[in-house]
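Asks: Mind folding the following:
(one chain, ligands or ions: 1)
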Amino acid sequence: MAAIRVLASSHYPKAEIDGWCASRTAATYRASIERQAMLVEEMEGVVVAFGLLNQEATHIDGVYVYPSHSRQGVGLRILRALEAMAAERGIKAITLDASLNAVEFYRQAGYVPVTEKKHVHCDESTAAVVVMRHEIREAVD
Ligand SMILES: CC(C)(COP(=O)(O)OP(=O)(O)OC[C@H]1O[C@@H](n2cnc3c(N)ncnc32)[C@H](O)[C@@H]1OP(=O)(O)O)[C@@H](O)C(=O)NCCC(=O)NCCS
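Replies: Below is the predicted model:
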C-alpha cells in the first residue's frame with residue numbers, strides 16, 4: 001500500500017491509486033505464497049519488498065518496494081530473482097504490465113515496451129499500464 005500510495009501517485013489520479021490499493025488485499029497474495037511464487041526481501045526481520053510470478057511463471061505480477069528502501073537496488077534484486085525462478089521452470093521470456101511510474105525501472109532492467117493497455121481494478125476503475133517483455137535466458141545462464 002505504501003509503495004503504491006507514495007511511489008505511484010505521481011503518475012495516477014487518486015481514484016486510480018485507490019482502485020489499485022483496493023485490488024491488493026492480503027487475500028490476493030495467498031495463492032502465490034502457497035505455490036511459492038512470491039519472494040520477499042527482509043531487513044532486520046521486516047519485509048521491505050516483495051515480488052510475485054503468475055501460476056505459469058511467464059508473467060511478473062508485480063514488484064513492490066517500501067518507499068524508504070526504494071532506489072537502493074532492492075527492486076532489481078527481486079526482479080532478477082523472479083526471472084531466475086522462471087528460468088528454472090524453462091521459461092525463456094517474461095512479460096509484465098508495468099505501471100507508468102515503473103516503466104523506467106523495467107526498461108533499465110532490459111524490458112521492452114510492447115503495447116499500452118488499460119488495467120481494470122476490482123472496483124472497476126481503470127488505469128493505463130505498459131505491457132513489457134524481456135528475454136530472460138541469457139540473463140540467467
Ligand atoms: C518500481 C519499484 C519496484 C522500483 O524499486 P526500487 O528498489 O526503487 O528500484 P531499484 O533501486 O532496484 O532501481 C534500479 C534502477 O531502476 C531505475 N529506476 C528505479 N526507479 C525509478 C524511477 N522511479 N524513475 C526512474 N528510474 C527508476 C534506476 O535506473 C535505478 O537505478 P539507480 O537508482 O542507480 O538510478 C518501486 O519504485 C515501487 O515499489 N514502486 C511502486 C509499486 C510499483 O509501481 N510496482 C510496479 C508494479 S508493475
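
Asks: From here on, just use CA atoms for contacts and neighbour counts.
Replies: OK.

Asks: show me where this structure has helices.
Replies: Taking DSSP state H, the helices of the chain run over residues 2, 14-23, 27-34, 74-88, 103-108, 137-140.

Asks: a markdown table please, covering those helices and showing distance to the ligand and mean neighbour count.
Replies: Converted to a markdown table, the helices of the chain look like this (distance: least, CA to the nearest ligand atom, whole Å; neighbours: other CA atoms under 10 Å):
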| stretch | distance to the ligand | mean neighbour count |
| --- | --- | --- |
| helix 2 | 8 | 13 |
| helix 14-23 | 10 | 17 |
| helix 27-34 | 14 | 12 |
| helix 74-88 | 3 | 19 |
| helix 103-108 | 4 | 16 |
| helix 137-140 | 16 | 13 |
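
Asks: lowest-confidence stretch among these?
Replies: Looking at the helices of the chain, the lowest mean pLDDT belongs to helix 137-140 (a mean of 53).

Asks: picking that back up, closest one to residue 130 among the helices of the chain?
Replies: The closest of the helices of the chain to residue 130 is helix 103-108. By CA to CA, the value is 7.2 Å.

Asks: which residues touch the closest one?
Replies: 98, 112-113, 130, 132 (CA atoms under 8 Å, 6 or more residues apart in numbering).

Asks: Quick check: most distant residue from the centroid of this structure.
Replies: The centre of the chain is farthest from one residue, residue 44, which by CA atoms, centre = their mean lies 22.9 Å away.

Asks: so what's that residue scoring on pLDDT?
Replies: At residue 44, pLDDT is 94.

Asks: what are the phi and psi angles of it?
Replies: Here is the backbone geometry of residue 44 (degrees, to the nearest 10): phi 50, psi 40.

Asks: Residue 11 now?
Replies: phi -110, psi -10.

Asks: check contacts around it.
Replies: Contacts for residue 11 (CA under 8 Å, 6+ apart) come out as 100-101.

Asks: Also residue 114?
Replies: Residue 114 is in contact with 130-133, counting by CA under 8 Å, 6+ apart.
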